Every structure is written in structure tokens, then in C-alpha cells.
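1. show me the folded form of this:
(one chain, ligands or ions: 1)
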Amino acid sequence: MHTSSTNNDQTTELDALLQILTTQVASLQASYRTSNTTERIPSLLKLKNLETLGPDSDPSLNETRRLIVSAATQLIHTVQSPIEIVQDYAGSTFKTVALGFVVDVNIPEVIRDLGGEKGMHVDDISVHVGIDTSYIARVLRYLATRHVFKELTPNVFAHNRISILLCKRRSFEEIKADPISRFDDAPFAAHVHMFSDEILIETLSAFSEFLKQKDLSSESVKDGNPEDTSASGPQSSAGLGPRTAFNLKFNTSKSFWEWIAQPGAKYEDLARTVAVVMRGGDKMVDEGQLVNAITTAASGTPIDSSTTDITNLLPLVVDVGGSSGSATFTIKNKVLQDVSGIKYVVQDLERPIDSARKFWAENDPRAIETRQVELLVHDFFTSQPPSCQNASIYILRMIIHDWADGEAKKILKRLREAAYPPLPLSTQAVSPEPKTGPRSKLIVFDTLARYTCDDPRENLNRSGKEGSTSVPWPLLGNLGVAGEGFSTMMDLGTMVALDGKERTRDDFEQLGKETGWKLESVKPGKLAAFIFSAF
Ligand SMILES: C[S@@+](CC[C@H](N)C(=O)[O-])C[C@H]1O[C@@H](n2cnc3c(N)ncnc32)[C@H](O)[C@@H]1O
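-> Numbers count the residues shown, from 1 in each chain. The predicted structure follows:
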């Protein structure tokens, strides 16, 4: 445990943080020097698009980056005035709305398409986007102060490697001609739009009000009965007051997913944006991790998919709640591209499956024509159709964290009923311990919740490698924002919008036990892969 301000040899926190920074920065620079790009060091001013991130996106450098960010963040919080820190945190909402504004009025595209490397004066930006010059200058300066955009000369702003991510794929002219499709193929701009949209902002305005009024006595009822096979989990809490801050603010008993699936322009824009954001989810699971998870699920141990025939082990992969099916797309075309004979099914509600049809028509039409990939409207609270029984692998990517335990169990139970081997008919209870033979696997991709302190029971280290437990003193046990910034944000996001949560390894193990799935291994990563076997 690291509780004192010095460790045994009297090294101060600052010394230790500096030491981590010095060592890890040297290591990062050495990696850039040996990479086969011309880039020598990562630079804020070096513009890149996602396809040419080079060493910036090399997963083997993730550990080094996380340690640098963790140490640098802790150093800032150690030396900066606590008053300034609290003031800055209190005003964090402006980060969301400032980013949301520039994305909404297409400033990133105007600077990219019309300003280029020389940047653009706010007067010129104003002419194109039709917003007052001084508003643009102040919002861009707020962001440039936080290293998003660069002010080259007074009032002239250019992109840096962070702001360039806000650009949509389409040109400013194309966006003006067809604003509805502006977020298509631009997952990061879509991500900003989703978080700054009035729906989430309104929901967050009820954050405290909702948490305070939650009826604690309804907890057990709210979790629902896992044996209940009715669709649409959230209705199990009808009559017990609003289930989430979203339900409270929008005066609806529908789940967020049902709500955005309604007809109407306002829902359509959000639903379309959410589908694009989900496609960006691929960036959170690197291909190496997908290979590892899929082959581990197929064989029980990691195998080399290039040298092992895994066809027999993987005839059917079902991507449950798959949205456009981008996880399936990556698995089919990048992980198992050399393995023939596998059938894939992507399931979701009606509107996401409409988006999926468009996505596959544009990206892999042959897969649909040959019926190797089937896109199926299916509610995961209901029983799986015959075509999806006995699948080798069921995938739930970023699904379980959207739901409270009661609904999560229902989803897992419906899959277990479809999985192989069958549950004993008489009891519908779980079958005895497996003897031999094939068993359906379930891979849940979700973030892994971790404590900020040392956790002696944790057998995954915070830096992401299985079997080790070291995080250098005096860093936080979960590496702070460098390790769990995104997942703790998602945890609160799913709490207020969906009644979901990010879960610990123990939580997943328990969910599995209660629904007939045995947790066999966990592959850490930005999204961890939890691999279950039907038992
Ligand atoms: C966070 S997204 C994840 C999408 C996808 N798995 C991915 O990783 O890209 C959650 C998905 O669950 C879907 N969903 C919500 N309720 C559902 C239900 N009852 N049946 C099937 N899908 C549902 C949503 O439409 C949405 O596409």
C-alpha cells in the first residue's frame, strides 16, 4: 500500500514521479527512433489521420504511454494549487459544450479544407459558418488553452493532432449539401456530438436529483427476475419511479435504446450518430486482442490462427446487439479472413439493423449476398431463433455494461438457453460440470472496473498484463485517468442514461455463475475480453 508521501528510502513523491517520467519518456522516444516512420518524437503539431497514426497507435507502447500520463497527471495534481484544480473541475462542462459547438457548426472542416496548415483567421471562419467572430475566437481559445487546436498567430487557428480528430470525413461542401449524413464514417466527431447533444446534457442536469430520490427499498425488485422471459427488461421496474436520470428528465419508461429507436427526425439523428460511435468501438479493441480472444474461446488456449485450422471450432458466430456489426466485420475480414466456412449473424433492434444493411452494402456486400453474414432483427431479452442455436461463439460487445444486474442476467440466460450443451429440460437449471466435447463460448467485451487503491485480490495488473501486480509507487492503483479515465466516465454515463454499470472481474464471474456460464479467462485491454464457457 502506498499511503505515505515518502517510500522506504525516503524518495519523495515528486522524485518518484519524475523518475517514472524520465524513464518512460526515454523509452517512448527510443521506440519512435526505431520505428520505420520519419517521425522522431510524438508532436502535438504533427497532423495525422487515423490510418497513419504509426507509432502513436502501436499497442505495444500503450503501457509506456499510460505510465507517462499517469505520472504527469499526478505530478500536476501534486504541484498545482488545489483551488485552481477544483475551479477547473467545476467548469469541466465547458469542455463538452465547446467541443460540441465546434463540431456542430463544422469549424474543424472549415479549418481543414479552407485553412490548411496556415490555419484560418476567425473572421474568415465566421464568414463560412455564420457565427459571430468573437464567439468563435473565444471558444477556440478556450480549446487551444487545453491543447485542442493551435493559435498560430493572434486569432489564427490551425489543427493540431488532437483537433484533427474532430473532423468529419466529408468535405465542408459535402456536409452543407447533405447535413443528415455528416457524422457517417466519423466516429470521433460523432462521439463528441453524442456527448454534447441536448439529450445527454439534459440527462446530466438531473444527475443529483435522480441519485437523491432513488428508492433504496426497490433495489431487489428493480433487478428483476432472471427467469422472466418477457422482452424489454426496463419495464420490470414500472411503477417504482424513474429508473434513470434519463427516464426522469424525459418522462418516459422506455429504455434509452427503445427511445432512440422511435420514428421521428430528432431520434433518427441520435440513433444514426450512436451507430457511428459504436463503429468507432473497433478502435478500443485492437486486432491482436480480438485474435487472442477468439482463438482462446475456440480452443481453450491461445492458438495461432494462421497455422491452426479452427474452422471446425467456429462454424457460427453470433454478434448479439451488434449494431452495424463492426465487431463482426473486423473478425471476419481481419482476424479470421483466411478461415472459410464460418457463418456470422449480427443481431440488433430494427433501426440499428437498417444501419447495418447500409454498412455491409458499402463495405462488404458479398458477405450479405452469399449469406455468410446475416443481419437479423432480434430482441436479446427473447429466446434466440433456431438459426442461432448452438453457436460456437456468442459475442456481447459493450452490451452488458448498459444494463443493471437483473437485465444483464436475462440477456445471459437467453444466450445460455440457446448455447451448447443444452440445459436439462426438466429444470432449466445449469448442467453438471463439463466432461469433454465442444461447448458454446461467450465473449463479453466490456471495460474492467478497478479500484484506485491497491487491490490484493486483483490478479490482473493495472497496466494490463495478466499475472503481474506491479504499479510503480506512488501512482494510483488503477493508473488514474491514464488507466480508468474512460471506464469511470462510462460507468457514470451508463448509470444515468441506462441504469448500467462497469463491472469487476468478480461481478462478471457472479453473473456467469447465476446464468450457466463459467468465466474461463479475462484478456485485459481498453475493453477487456471476458471469455465464458457454457456449463
Ligand atoms: C453500446 S451499443 C453496442 C453495439 C455493438 N455491440 C458494438 O460494440 O459496436 C448497444 C447496442 O445494443 C442494442 N440493443 C439495445 N437493446 C436491445 C435489445 N433489447 N435487443 C437487441 N439489441 C439491443 C442497441 O440498439 C445498440 O446497438
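2. how about the contacts made by residue 355?
-> 271-272, 275, 323-324 (C-beta atoms under 8 Å, 6 or more residues apart in numbering). Where C-beta positions appear, they are placed from N, C-alpha and C, glycine not excepted.
3. which strand or helix spans it?
-> Element membership of residue 355, judged by DSSP states H and E, is helix 350-363.
4. identify each buried residue in that helix, please.
-> 351-356, 359-360 (16 or more other C-beta atoms under 10 Å).
5. reformat those as JSON lines; add pLDDT and distance to the ligand.
-> Listed next are the buried residues of helix 350-363 as JSON lines, based on pLDDT from 0 to 100; distance: C-beta to the nearest ligand atom, whole Å:
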{"residue": "351", "pLDDT": "87", "distance to the ligand": "7"}
{"residue": "352", "pLDDT": "91", "distance to the ligand": "4"}
{"residue": "353", "pLDDT": "95", "distance to the ligand": "9"}
{"residue": "354", "pLDDT": "91", "distance to the ligand": "11"}
{"residue": "355", "pLDDT": "88", "distance to the ligand": "9"}
{"residue": "356", "pLDDT": "94", "distance to the ligand": "9"}
{"residue": "359", "pLDDT": "93", "distance to the ligand": "11"}
{"residue": "360", "pLDDT": "97", "distance to the ligand": "14"}
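6. ok, back up a step: just the buried ones from the contacts of residue 355?
-> Here, 16+ other C-beta under 10 Å leaves 271-272, 275, 323-324 buried among the contacts of residue 355.
7. return only those of these found close to the ligand.
-> Among those, the residues lying close to the ligand (C-beta under 6 Å from any ligand atom) are residue 323.
8. quick check: what element follows the worst-scoring helix or strand of the chain on mean pLDDT along the chain?
-> The helix or strand of the chain with the poorest confidence is helix 219-222; it has a mean of 42 (mean pLDDT, DSSP states H and E). Downstream of helix 219-222, the first helix or strand assigned by DSSP H and E is helix 245-250.
9. same for the first helix or strand past that next one going along the chain, what does it pack against?
-> Next along the chain after helix 245-250, taking DSSP H and E as the criterion, comes helix 256-260. Applying 3 or more C-beta pairs under 8 Å, 6 or more residues apart in numbering; DSSP states H and E, we find helix 256-260 packed against helix 245-250, helix 265-279, helix 480-498.
10. deepest-packed of these, please.
-> helix 245-250 (a mean of 22; mean count of other C-beta atoms under 10 Å).
11. give me the residues contacting it.
-> Against helix 245-250 from outside (C-beta under 8 Å, 6+ apart): 199, 202-207, 209-211, 213, 242, 253-254, 256, 259, 496-498.
12. how about the helix or strand containing residue 22: buried residues?
-> Element membership of residue 22 [criterion: DSSP H and E] is helix 13-34. Neighbour counts using 16+ other C-beta under 10 Å place 13, 16-17, 20-21, 24-25, 28, 32 of helix 13-34 among the buried residues.
13. elements contacting that helix?
-> On a contact count with 3+ C-beta pairs under 8 Å, 6+ apart, helix 13-34 meets helix 62-79.
14. so the helix or strand following the helix it packs on versus helix 62-79, what angle?
-> With elements assigned by DSSP H and E, the helix or strand that comes after helix 62-79 is helix 82-90. Angular relation of helix 82-90 and helix 62-79 on a 0 to 180 degree scale: 120 degrees, by axes from the mean of the first three to the mean of the last three C-alpha atoms, to 10 degrees.
15. check contacts around residue 484.
-> For residue 484, the contacting residues are 447, 449-450, 452, 478, by C-beta under 8 Å, 6+ apart.
16. what's the lowest-pLDDT member of these?
-> Among the contacts of residue 484, residue 450 carries the weakest pLDDT, at 85.
17. out of the helices and strands packed on helix 256-260, which is closest to residue 142?
-> Nearest to residue 142, of all the helices and strands packed on helix 256-260, is helix 480-498, at 20.1 Å by C-beta to C-beta.
18. what angle separates the closest one from helix 62-79?
-> Between helix 480-498 and helix 62-79, the angle comes out at 90 degrees (the same axes, to 10 degrees).
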